[in-house]
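Participant: Predicted coordinates and the sequence they were generated for:
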Amino acid sequence: MVTTRTILLTGASGKIGRVLTLALLNEGHSVIGTTHRKESAERLMDDFAAFAKAGTFHAFDVDFSQQEVGPNIVDTLAAYGAFPDVVIHNARSQGALAIGPDNVTRRDAFIEELTLDVMAPYEMTMALVAVPQTRLNNIILISSIYGVVAANSHLYDDPASQSPIQYSVAKAAQIHLARELAIRLSGQGVRVNAVSFGGVEGRVSEAFKARYANLCPQGRMLDESEVIAPISYLLSEGASGMTGQNLIVDGGWTSW
């Protein structure tokens, strides 16, 4: 039997975010999704209208570059009258992946990526833990195999732009953030883990898929459906003893 929870999911309008939103709602959880743009939040409310009507889905826009993102999140959740049991940090921004014409990442792009992956999740977490009526007991950070190993240049036509350095460095920091928070919040009964996914199929060329297959022991990219079970596991009572870990789901990519 699944214990239903209220889950705050950032980046709910992205590829993985939408897959997780639907799966979590179908499992009976209540989901509060964030997205960067107001129109994206409105589209999510339309797409999940049946759940929104039942009161199990809300969506709102938030700019994670704000310095006061933690208090702003708390104020919005207070207005909904719902504080989460679980936070899944999944926010992304294509703008943060920009590099200069000389193939060098500018400081603002590095800062934006680090803000999304490390600073904003930290600020949100600490703000939610401090709320007197908090129910938070489980945090999951969606990371990447490139936080574990360096990008493989053989996968890309243009490695500098297609796999910018700020992404990998920030994802590595994000995995360590999970470890740090797991230790620092253990006395408050909060578990913190990361999940590092390999490449997920979609929006890539057939040539890219073929190169990826040649570099991966399983010989393929992950299917979108394969991102669900690891999250469901970390939400389950079966994972109650698991904290400070990085669960790698990559078809064996990091094994060689």
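Facilitator: Nice, thanks for sending it over. Residues are numbered from 1 along each chain as shown.
Participant: Quick check: buried residues in the helix or strand hosting V74?
Facilitator: Following DSSP states H and E, the helix or strand that holds V74 is helix 69-80. The neighbour-count criterion (16 or more other CB atoms under 10 Å) identifies 69-70, 72-74, 76-77 as the buried residues of helix 69-80. Yep, even glycine has a C-beta here, placed from its N, CA and C like the rest.
Participant: same question, stretch 127-147
Facilitator: Within stretch 127-147, the residues that qualify as buried by neighbour count (16+ other CB under 10 Å) are 127-129, 134, 136-147.
Participant: Can you identify the element that follows the helix holding V74 toward the C-terminus?
Facilitator: Proceeding N to C from helix 69-80, the next assigned helix or strand is strand 86-89, under DSSP H and E.
Participant: Now do T3 against N214, distance only.
Facilitator: Taken as CB to CB, to the nearest Å, the spacing of T3 relative to N214 amounts to 42 Å.
Participant: those strands in this protein, which residues are they?
Facilitator: Under the criterion DSSP state E, strands of the chain are mapped to 6-9, 30-35, 57-61, 86-89, 138-144, 191-197, 246-249.
Participant: among those strands, which is nearest P121?
Facilitator: For those, the distance to P121 is smallest for strand 86-89, at 4.3 Å, taking CB to CB.
Participant: so what's the closest residue to T21 other than its chain neighbours up against?
Facilitator: For T21, ignoring the flanking residues on the chain, the nearest one in space by CB to CB, 6 or more residues apart in numbering is A12 at 5.2 Å. Residues in contact with A12 (CB atoms under 8 Å, 6 or more residues apart in numbering) are 18, 20-21, 31, 33-35, 44, 59, 90.
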